[in-house]
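Visitor: Quick check, what structure comes out for this input:
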Amino acid sequence: MATADLLVDLQDDLATDDASNTLGKLKLSPLDDKTWPAENDNDEDLKSDKECSPEIVEPPPNLKWDDPFYDIARRQIVEVAGDDNFGRKVIVFSACRMPPSHQLDHTKLLQYLKVTLDKYVESDYSVVYFHYGLTGQNKPSFGWLLDAYREFDRKYKKNIKALYIVHPTKFIKAILVLFKPIISMKFGRKILYMNHLGELEQYLKCDRMVIPPCVKKYDDTISASQKRVPPVQIKQLPHQQFGIGLRALRKCDPANKDIPQVLEETVDYIKQHGLNKEGIFRRSANVCYVREVLDKYNNGVPVDYAVYGDVHLAAVMLKTFLRELPEPLLTYELYDQVVSFGGVSKNKQVETMAQMIQTLPTDNYTVLQYLLIFLHMVAANSEQNKMTPSNLALVFGPTLMWAKDAAISLSAINPINYFAQSLLVNYNAIFCQM
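Guide: Got it, this is the predicted structure:
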């Protein structure tokens, strides 16, 4: 790794740690404390050629054959999976979908990964790496891994908040030991090891993620062997605000307000303190504060965002509220129309969107209109906050719509974001027709 890159990482550490102790602590801190699972049938030396075959998937429906990354994109090795529980975009990398090394252009894979990340690196984001399925046939060389780490410069490392390694093996430990001298302590803290999907569920909604079937099957095998106790069902609290339908929230509100408490309070605070804040809705907030505020709302305790002094906290809570709805704000019923909306001719799009929105339940319609008025206000200040309609759509698309009983794939997320952007850009024209 270039000396300059090492110095940048080291300077990041020195800015946040006691300088006299930093050099002595420069290590991949979680690695030494990790209890590593025993090797299993995922070990490449134990698998037959047939078992080593990569998982085959259908190419995304909107992928064009002349796309420069067609051969990479069709395999869906890299996917975007909405947000995690802290409002950060999630990028998924599935090793089981990598073909044998001689069939894959690893240089182009790296370029495709960078192109995908480039859409999100200005925001806080997380990466989920499913290790199951990496074998002697499709395993990239150590030299390629080293080149990849060098390629992902500070622009990519700065805003990555977590790297979840799911189903790690001793091979992962060996790689991390080799990389240990060039990984800063700050980046090392972002690496989290998930022995099974139940652990990952603490950080994001697995049912909305693109998890390859073979990974799920392998996880079921682990669960059966460990005989884990199923998670205890959490009872709904008397003042529950998150995870409750809009109609139920309105009925439970003493004043029968049309706009839910969380949405109203977060929007009001952002209007006062965040309209000119660069990167509003792109940054995450302190994880402990997010959990604390969520618990306060669900237990009927008043929330004063001024106490926390971080407008990004209010932004994260707003996105979390929308993402935790039992059904997306745009409803499951409109999912197919939203995903296929790009095929509507330009001169018919405003009329089509107006017709679609008119079918929404009253509570959804009211909240959507309230949200769009606010986001329109945010976009009007984009010179200061850098949140154009396009950038807002990247953030809010997956919070407004997701599939029922299915993960949002990269092939669906782009049309959803396009629809969200069209709503923002044509807001006045749409609601004038209604």
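
Visitor: Against which helices or strands is the helix or strand encompassing residue 377 packed?
Guide: When elements are assigned from DSSP states H and E, residue 377 belongs to helix 362-380. Counting contacts by 3 or more CB pairs under 8 Å, 6 or more residues apart in numbering; DSSP states H and E, helix 362-380 is packed against helix 246-252, helix 261-273, helix 349-358, helix 389-400, helix 410-425, helix 427-432. To be clear about C-beta, it is placed using only N, CA and C from the backbone, and glycine gets the same treatment.

Visitor: how does it look with 7 Å?
Guide: helix 246-252, helix 389-400, helix 410-425, helix 427-432 (3 or more CB pairs under 7 Å, 6 or more residues apart in numbering; DSSP states H and E).

Visitor: Let me see the mean pLDDT of that helix.
Guide: Mean pLDDT, computed over helix 362-380, is 96.

Visitor: start the count at 59, not 1, going forward
Guide: In the new count, where the first residue is 59, that last one comes out as helix 420-438.

Visitor: mind listing what's buried in that helix?
Guide: 421-423, 425-430, 432-434, 436-437 (16 or more other CB atoms under 10 Å).

Visitor: Centre of the chain to that helix, how far?
Guide: 23 Å (CA atoms, centre = their mean, to the nearest Å).

Visitor: Taking helix 468-483 as reference, get the angle to that helix.
Guide: 80 degrees (axes from the mean of the first three to the mean of the last three CA atoms, to 10 degrees).

Visitor: what angle separates helix 420-438 from helix 407-416?
Guide: For helix 420-438 against helix 407-416, the angle by the same axes, to 10 degrees is 140 degrees.

Visitor: Now the element after helix 420-438, going C-ward?
Guide: helix 440-443.

Visitor: How about that next one, which residues are buried there?
Guide: So helix 440-443, judged by 16+ other CB under 10 Å, has buried residues residue 443.

Visitor: Just the CA coordinates for it, please, in CSV.
Guide: Taking Å, rounded to 0.1, in the frame of the first residue of the first chain, the C-alpha atoms of helix 440-443 are listed here in CSV:
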residue,chain,number,x,y,z
SER,A,440,-29.9,22.1,-2.6
GLU,A,441,-27.2,24.7,-3.3
GLN,A,442,-26.4,24.6,0.4
ASN,A,443,-27.4,21.1,1.5
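
Visitor: what's it in contact with?
Guide: Outside helix 440-443, the residues that touch it by CB atoms under 7 Å, 6 or more residues apart in numbering are 333-336, 338, 436, 446.

Visitor: which of those residues are buried?
Guide: 333, 335, 338, 436, 446.

Visitor: Of all pairs in those residues, which one is the farthest apart?
Guide: 335 and 446 (14.7 Å; CB to CB).

Visitor: Over to residue 251. Which of the three states is it?
Guide: Using DSSP: H, G, I helix; E, B strand; the rest coil, the structure places residue 251 in strand.

Visitor: Touching, it and residue 224? I think so.
Guide: No. Counting by CB atoms under 7 Å, residue 251 does not reach residue 224; the two are 8.3 Å apart.

Visitor: neighbour-wise, which of these two wins?
Guide: residue 224 (25 against 21; other CB atoms under 10 Å).

Visitor: Show me the chain divided up by domain.
Guide: 61-284, 304-490 (automatic domain parsing).

Visitor: any idea which of the ones you listed scores lowest on pLDDT?
Guide: domain 61-284 (a mean of 74).

Visitor: Can you point out the buried residues in the helix or strand that contains residue 129?
Guide: Taking DSSP H and E as the criterion, the element that holds residue 129 is helix 128-131. For helix 128-131, the neighbour count (16+ other CB under 10 Å) marks 129-131 as buried.

Visitor: Relative to residue 203, which of the contacts of helix 440-443 is nearest.
Guide: Of those, the one sitting nearest to residue 203 (CB to CB) turns out to be residue 336, at 34.2 Å.

Visitor: The closest residue to residue 277 other than its chain neighbours: how many residues sit nearby?
Guide: Closest residue in space to residue 277, ignoring its immediate chain neighbours: residue 255 at 4.8 Å, by CB to CB, 6 or more residues apart in numbering. By the criterion of other CB under 10 Å, residue 255 has 20 neighbours.

Visitor: any idea how far residue 255 lies from residue 115?
Guide: Relative to residue 115, residue 255 is positioned 19 Å away (criterion: CB to CB, to the nearest Å).

Visitor: try residue 257
Guide: Taken as CB to CB, the span from residue 257 to residue 115 is 25 Å.

Visitor: again, but for residue 127
Guide: Distance of residue 127 to residue 115, given as CB to CB: 15 Å.

Visitor: can you check residue 167 too?
Guide: Residue 167 is 16 Å from residue 115, by CB to CB.

Visitor: neighbour count winner among the two?
Guide: Taking neighbours as other CB under 10 Å, residue 167 and residue 115 compare with residue 167 leading, 21 against 16.

Visitor: related to what we said a few turns ago, closest one of the contacts of helix 440-443 to residue 300?
Guide: residue 338 (21.0 Å).

Visitor: For the helix holding residue 435, give me every contacting residue.
Guide: Counting by CB under 7 Å, 6+ apart, 304-305, 308, 316-317, 321, 325, 333, 338, 387, 389, 415, 418, 443, 445-447, 450, 454, 481-482, 485, 489 sit against helix 420-438.

Visitor: Grab the CA positions of it and hand them over as CSV.
Guide: What follows is helix 420-438 as a C-alpha-only set of coordinates in CSV (Å, rounded to 0.1, in the frame of the first residue of the first chain):
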residue,chain,number,x,y,z
THR,A,420,-56.4,8.4,3.0
ASP,A,421,-53.8,8.1,5.7
ASN,A,422,-51.1,7.2,3.2
TYR,A,423,-52.1,10.0,0.8
THR,A,424,-52.0,12.6,3.6
VAL,A,425,-48.6,11.6,4.9
LEU,A,426,-47.1,11.3,1.4
GLN,A,427,-48.3,14.8,0.6
TYR,A,428,-46.9,16.1,3.9
LEU,A,429,-43.6,14.4,3.2
LEU,A,430,-43.3,15.6,-0.4
ILE,A,431,-44.0,19.2,0.6
PHE,A,432,-41.1,19.0,3.1
LEU,A,433,-38.7,17.2,0.7
HIS,A,434,-39.6,19.8,-2.0
MET,A,435,-38.4,22.4,0.6
VAL,A,436,-35.2,20.5,1.2
ALA,A,437,-34.5,20.3,-2.6
ALA,A,438,-35.1,24.0,-2.9
